[in-house]
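Trainee: Build me a structure from this.
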Amino acid sequence: MASKVDWADQTRRDVLTFQMVSPTNIDQVYGELEGVDLSGSSLSAAYYTDTRTSGTVRVIGGNWVRGSMIRVIHSVPEWGYRNELGTYIVTDDGASREHGEWSYSLTLHSRLFGLSVDKHARPWTIAANASALKAIRQSLRASGTPFREISPKDKKYKDAVVVESGTTRLKALFDISEVAGDRLDVDPHGRVTISPATSPASRTCKWRIDLADERGMAVDGLSRTTDWLQMADMVAVSHKYSDKVRKNGKQESVEREITGIAKVSSSTHQAHNKRGYSVVNFISVSEMSPKTAAQAQKLATKYLKDEQHELVEWELRTMYRPVWEGDVVELVVHDGLKEYQGVRKCFVKSLDLDLKDMTMRLRLKETASGDKGES
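Mentor: Okay, the predicted model is just below:
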């Protein structure tokens, strides 16, 4: 029977296994990769990247079967714990020879990377009234990519859409999944996942990182970035248009401009009286209906409200716990500026896992920031 899993127990013995997996059958394992140098091996994951996860594995000598995928497995024998960290295609296997022995630096990428270099050789038409989810399945099956559905959404195309030749399969899949309302990701076993696109703010918290907890996962060192000094405290909306008037019995064209201005409350910390200067977002709109000052004011108020999400991010190093990009955590801050103390709800924007000492560099983004700052 497995012992109790206690991630605060730093006396545990972490064991990493690297399996060589068939590129055409992810359930077929060729064997265990020998000679892995953990000091030159790491994994990374990032929520806003197209291919989600990548890594590097350094192998000295060993029995590397060229062309195989690499599956990284973490286990803690005394707990009876085993967890797949990821299954990767190898996109580079550069080698060097020193002291009579070859070493290899294997560049790892997710299945999604494979789709990013696979281009449509011919145009592909998605018919009107076709299911977006069925189109995703069709494309993944055509590319030989294993996938797993996690209660995905679906929507039918109103009009026919043509995916032009030369378009990468990943670009086409992202466009289709946006129509369906889904997000594409990868699971640790090497499958593309299709699940509803949800904001991190709506997800359940997975871990709490308390900076004052002596048995906590945080290693000393924390940094915070915020854009409050660059946030707009005023939005001006301008609409310029031509109007016809009669002058001296003749019809002439005159240029007119309607402006709406919205300002933040003086109590907000980006207000002029708090920073000593104003940041004005000036927005020109080419079309406005009706062409009235009230409408311009309405738009300015809306745009100002949209900008009042402060971008707050935290970076720290922690001992390993099973968190991944997109997971929600609570960061508990006990000191520093009072505006940033307390329980901060964040999600893992990106992470880098050092496989030698099983420490992670986490980049956390507060869920209240939304997608601000991302393209």
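Trainee: what comes into contact with stretch 214-230?
Mentor: Under the contact criterion C-beta atoms under 8 Å, 6 or more residues apart in numbering, stretch 214-230 has outside partners 7-8, 207, 209-211, 269-270, 275, 279, 310-321, 333, 336, 340, 359, 372-373. (C-beta placed from N, C-alpha, C; glycine too.)
Trainee: Pull out the buried residues from it.
Mentor: Neighbour-count burial for stretch 214-230 flags Gly216, Met217, Ala218, Leu222, Arg224, Thr226 (criterion: 16 or more other C-beta atoms under 10 Å).
Trainee: Run the chain-centre distance for the single longest helix found in the chain.
Mentor: The longest helix of the chain (DSSP state H) is helix 293-306. Its chain's average C-alpha position is 31 Å from that of helix 293-306, according to C-alpha atoms, centre = their mean, to the nearest Å.
Trainee: What is that helix packed up against?
Mentor: strand 234-247, strand 250-263, strand 280-284 (3 or more C-beta pairs under 8 Å, 6 or more residues apart in numbering; DSSP states H and E).
Trainee: and the ones you listed as a markdown table, adding distance to Glu178 and mean pLDDT?
Mentor: As requested, the helices and strands packed on helix 293-306 are exported to a markdown table (distance: least, C-beta to C-beta, whole Å; pLDDT from 0 to 100):
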| stretch | distance to Glu178 | mean pLDDT |
| --- | --- | --- |
| strand 234-247 | 28 | 91 |
| strand 250-263 | 31 | 91 |
| strand 280-284 | 25 | 96 |
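Trainee: and Ile126, which of the ones you listed is closest to it?
Mentor: Of all the helices and strands packed on helix 293-306, strand 280-284 sits nearest to Ile126, with 34.9 Å by C-beta to C-beta.
Trainee: What is the subsequent helix or strand relative to the lengthiest strand in the chain?
Mentor: Counting by DSSP state E, the longest strand found in the chain is strand 81-98. Downstream of strand 81-98, the next assigned helix or strand under DSSP states H and E is strand 101-109.
Trainee: Partner strands of that following strand and their direction?
Mentor: Note on strand 101-109: by DSSP bridges, its sheet partners are strand 53-60 (antiparallel), strand 81-98 (antiparallel).
Trainee: Could I get the contacting residues of the nearest residue to Gly190 once chain neighbours are set aside?
Mentor: Spatial nearest neighbour of Gly190, excluding adjacent residues (C-beta to C-beta, 6 or more residues apart in numbering): Thr87 at 3.1 Å. By C-beta under 8 Å, 6+ apart, Thr87 lies in contact with Val21, Ile26, Met69, Ile70, Arg71, Val72, Pro188, His189, Gly190.
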